[in-house]
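> quick one, what's the 3D model for this:
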Amino acid sequence: GHAAAGRGEDASPAAPALAASALMLAGGLPGVLRSRCAQAEAAEAGGKDKVDPDLALKRAKGYDPDLQDDSMYSKACQAAVFGTLGTASFLWMHWLNKTRVIDREKLTDVVYKRKKEYEGRGLVTVSNHVSALDDPLLPSAMWSIPQFLSPRELRYVFCLTDRCFKKYWLGRMLTSAKVIPVERGAGLDQFAMRFATEKLDNGDWIHLYPEGTRSRDEGKTIGKFKVGVGKLVHSPKVPPVVIPFYHTGMHNILPVGAKNLRTGHEVEILIGDPLFFDNVLEEHRQRGSSEREIYNDITNRVEKALRDLQQVHNTRKNEDSCKEKRL
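Have a look, this model is predicted:
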């Protein structure tokens, strides 16, 4: 599959996300979703949108949290979107490029609650941010095509409202791709954080890019984390499991400022050990720490875990280089 893609070639502007969008448009699903949303909005007029005006603004841009509930209708819409978008992204990463996922079972064990300590907990994953299409390309590369048809176990992810919800139909599709609109500069008390906390209480998976922006040096350095990750660990009824993963190579597939996806490159994803914060939170309760102190401490610990993972990757890479020189 890789031979057909010349190393470093630019691909067609029809990236996986755009290809999936075309499929959704051709199938007429956005029209169905628009009708569904109109019914929901009419039923809720004067209801929770008055309590949460932040949500009312997002509905006007195509977002509808009713398409992210546990109903059969929502799951069918999610399976349709992930089935197209996820499959296209998986093929792009594994056929037109070469992706290596290291210690994948650390993630799948938590997602599928294969150990007792994972039961009754949500999952927060964090990673470095390099490319505008880190998501959906990276999560799709870590999964398998059949799993895209079971969206219950797939991630939720934040995306800026002014980036992902520019057009109504795009907002509809991304809602079913489990994208949560977030406002830059709106602080911790906003809809995205409240909604994510609810999902973690439900045992779901939230993925974050805690740097808050893409790397400008091809991912060589990791930026300072925003404290939102600390809040999402502290706020749920039961602290979620946190898993960091570090990746390299995405700057070659879609560099900052580029419009076209590229083929023939190598990507590596290194998944770290699960982190638990029950003891940390208990220590803070005994000390009477403020919420801000708790958020900062958790955020610093998670940031250190990702930096340590970067160091593991760099050490492994240097060792491999030494072995190649000896040969």
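> shaky segments in the stretch 1-150 of the chain?
For the stretch 1-150 of the chain, the stretches flagged by pLDDT under 70 are 1-51.
> the same query, at a cut-off of 50, please.
By pLDDT under 50, the low-scoring segments of the stretch 1-150 of the chain are 1-7, 12-28, 30-35, 37-46.
> hey, where'd the helices end up in it?
Taking DSSP state H, counting those that start in this stretch as the criterion, the stretch 1-150 of the chain carries its helices at 16-27, 29-44, 48-51, 53-59, 72-94, 104-111, 134-142.
> the last one vs helix 104-111, what angle?
Orientation note: helix 134-142 sits at an angle of 100 degrees relative to helix 104-111 (axes from the mean of the first three to the mean of the last three CA atoms, to 10 degrees).
> what's helix 134-142 in contact with?
Residues from elsewhere that reach helix 134-142 (CB atoms under 8 Å, 6 or more residues apart in numbering): 16-17, 85-87, 89-90, 92-94, 99, 101, 104, 107, 127, 131, 148, 154-155, 157, 159, 177, 207, 209, 247, 250, 253, 267, 269, 271. To be clear about C-beta, it is placed using only N, CA and C from the backbone, and glycine gets the same treatment.
> the top strand by length along the chain vs helix 104-111, what angle?
In the chain, assigned by DSSP state E, the strand with the most residues is strand 241-248. Computed by the same axes, to 10 degrees, the angle separating strand 241-248 from helix 104-111 equals 150 degrees.
> would you mark the buried spots in strand 241-248?
Of the residues in strand 241-248, 241-248 count as buried by neighbour count, 16 or more other CB atoms under 10 Å.
> likewise for stretch 88-99?
Residues of stretch 88-99 classed as buried by neighbour count (16+ other CB under 10 Å): 88-90, 92-94, 96-99.
> wait, a strand at Pro181?
Yes: assessed by DSSP: H, G, I helix; E, B strand; the rest coil, Pro181 belongs to a strand.
> bridge partners for it, pull those for me.
Cys159 (DSSP bridges).
> that one against Met193, yeah?
No: the criterion here is CB atoms under 8 Å, and Pro181 misses it with Met193 at 11.7 Å.
> who has more neighbours, those two?
Pro181 (27 against 19; other CB atoms under 10 Å).
> can you give me the strands for this structure?
Remark: strands assigned in the chain by DSSP E are 9-10, 98-102, 123-127, 156-160, 179-182, 205-208, 241-248, 262-263, 266-271.
> relative orientation of the lengthiest helix in the chain and strand 241-248 in degrees?
Longest helix of the chain, by residue count under DSSP state H: helix 291-326. For helix 291-326 against strand 241-248, the angle by the same axes, to 10 degrees is 40 degrees.
> all further residue positions should be reported with the first residue as 44.
OK, 44 is where the count begins now, so the last one is helix 334-369.
> what packs against helix 334-369?
Under the contact criterion of 3 or more CB pairs under 8 Å, 6 or more residues apart in numbering; DSSP states H and E, helix 334-369 touches strand 166-170, helix 271-277, strand 284-291, strand 309-314, helix 321-330.
> let me have those in a markdown table, extended by distance to Arg215.
As requested, these are arranged in a markdown table below (distance: least, CB to CB, whole Å):
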| stretch | distance to Arg215 |
| --- | --- |
| strand 166-170 | 25 |
| helix 271-277 | 25 |
| strand 284-291 | 29 |
| strand 309-314 | 29 |
| helix 321-330 | 38 |
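> tell me which of the ones you listed sits nearest to Arg102.
Smallest distance to Arg102 across the helices and strands packed on helix 334-369 (CB to CB): 22.5 Å, for helix 271-277.
> what sits up against the closest one?
Against helix 271-277 from outside (CB under 8 Å, 6+ apart): 167, 169, 231, 236, 239-240, 243, 249, 251, 253, 282-283, 285, 320, 324, 334, 337-342, 345.
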